[in-house]
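*Asks:* A predicted structure for the sequence below; I have some questions about it.
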Amino acid sequence: QVQLVESGGGLVQTGGSLRLSCAASGRTFSSYNMGWFRQAPGKERECIATISWSGGSTYYSDSVKGRFTISRDNAKNTVYLRMNSLKPEDTAVYYCAASRYGLGIDARLYDYWGQGTQVTVSS
């Protein structure tokens, strides 16, 4: 069982930065591949970044590539999402998720989800 708690969301102006954190409970965090998803009002949940259990493999969607960076600290049981050059279209609820066996953009691969943190980018 893994419990995930996101933090770091908030209101930021266009061009600003935020760093989201996702703290995981449990001693097996380092065995899980992790993903960041987001869901804007009226839109489907979108996978924007993933990172393998070791941190050696990462993925970014085209919408965030070059602006967002996913990282993890297995000693702290935490995964991060650094978001730079934020745009109004980045406004969404951001979720982290953990997958024991899969690594990819399909939400069905993920076994555990956080409650989400709101990011709002004002124009």
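*Replies:* Ah, there it is. Here the structure is a predicted model, which is why all the values come from computation and not from measurement.
*Asks:* residue 104 is in what secondary structure piece?
*Replies:* In the assignment (DSSP states H and E), residue 104 maps to no helix and no strand.
*Asks:* neighbours around it, how many?
*Replies:* 14 (other Cβ atoms under 10 Å). For glycine as for every other residue, the C-beta is placed from the backbone atoms N, C-alpha and C.
*Asks:* so it touches residue 51, yeah?
*Replies:* No. Between residue 104 and residue 51 there is no contact under Cβ atoms under 8 Å: 11.8 Å.
*Asks:* could you name every residue contacting both of these two?
*Replies:* Here residue 104 and residue 51 have residue 59 as joint contacts, going by Cβ atoms under 8 Å, 6 or more residues apart in numbering.
*Asks:* ends of stretch 111-123, how far apart?
*Replies:* Start-to-end span of stretch 111-123 (Cα to Cα, to the nearest Å) is 35 Å.
*Asks:* give me the buried positions along that stretch.
*Replies:* For stretch 111-123, a neighbour-count test (16 or more other Cβ atoms under 10 Å) marks 112, 113, 114, 116, 117, 119, 121 as buried.
*Asks:* equivalent analysis for stretch 42-54, please.
*Replies:* Of the residues in stretch 42-54, those buried under the neighbour-count criterion (16+ other Cβ under 10 Å) are 46, 47, 48, 49, 50, 51, 53.
*Asks:* thanks a lot, see you next time.
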